[in-house]
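Peer 1: no sequence on this one, just coordinates:
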């Protein structure tokens with residue numbers, strides 16, 4: 001069964017993501033004071049850069065819609081999880097929220113988390129319908145957190 005992408009749905013996921021990032025960034029410092037939180041943020045940034053380098057710039061889309069020339073990548077961080085860029089975003093922002101805590105920022109981060117989970121589930125349906133071998137890849141890997149989810 002071919003799953004058709006919905007460009008408006010894809011656009012909403014991205015707009016919500018950027019709105020959440022902007023609200024987190026504008027309501028507190030973007031460099032944590034705590035060394036532990038800074039290390040978590042830097043690990044998120046490292047994971048994101050690693051995932052982009054392995055995927056190769058031009059082979060991924062900011063929306064969850066697969067590109068026509070997309071290829072299945074299972075190297076680097078994609079050996080451990082299917083969505084390392086999503087995890088990188090969450091790892092980079094969570095320490096910012098905790099470091100300069102407010103309930104508003106926490107609610108925004110939870111909203112970002114829910115958005116990312118919904119976005120990755122939608123993306124997985126599209127990838128399974130368009131990439132050969134993706135169903136098999138799903139069986140042997142986790143979505144977002146190694147060994148857990």
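Peer 2: Alright, I've got the coordinates. Since this is a predicted model, take the numbers as computed values, not measurements.

Peer 1: drop to CA atoms for contacts and neighbour counts, all remaining ones
Peer 2: Will do.

Peer 1: From residue 67, how far off is residue 131?
Peer 2: 10 Å (Cα to Cα, to the nearest Å).

Peer 1: for this protein, longest helix please?
Peer 2: The residue-count maximum for a helix in the chain (DSSP state H) belongs to helix 103-130.

Peer 1: Give me the mean pLDDT for that one.
Peer 2: Averaged across helix 103-130, the pLDDT comes to 96.

Peer 1: One more: stretch 82-96?
Peer 2: Here the average pLDDT along stretch 82-96 is 97.

Peer 1: Run through who's touching that stretch.
Peer 2: Applying Cα atoms under 8 Å, 6 or more residues apart in numbering, the external contacts of stretch 82-96 come out as 21, 24, 28-32, 37-38, 40-48, 51-52, 77-78, 109, 112-113, 116, 120, 138, 141-145.

Peer 1: Provide a PyMOL selection command restricted to the buried entries of these.
Peer 2: A single PyMOL command selects the buried members of the contacts of stretch 82-96 (16 or more other Cα atoms under 10 Å):
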select buried, resi 21+24+28+30+31+32+37+38+40+41+42+44+45+47+48+51+52+77+78+109+112+113+116+120+141+142+143+144
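
Peer 1: Which members of the contacts of stretch 82-96 are positioned in strands?
Peer 2: Judged by DSSP state E, the subset of the contacts of stretch 82-96 located in strands is empty.

Peer 1: so where do the helices sit in the protein?
Peer 2: Taking DSSP H as the test, the helices found in the chain are 7-26, 35-55, 84-99, 103-130, 134-139.
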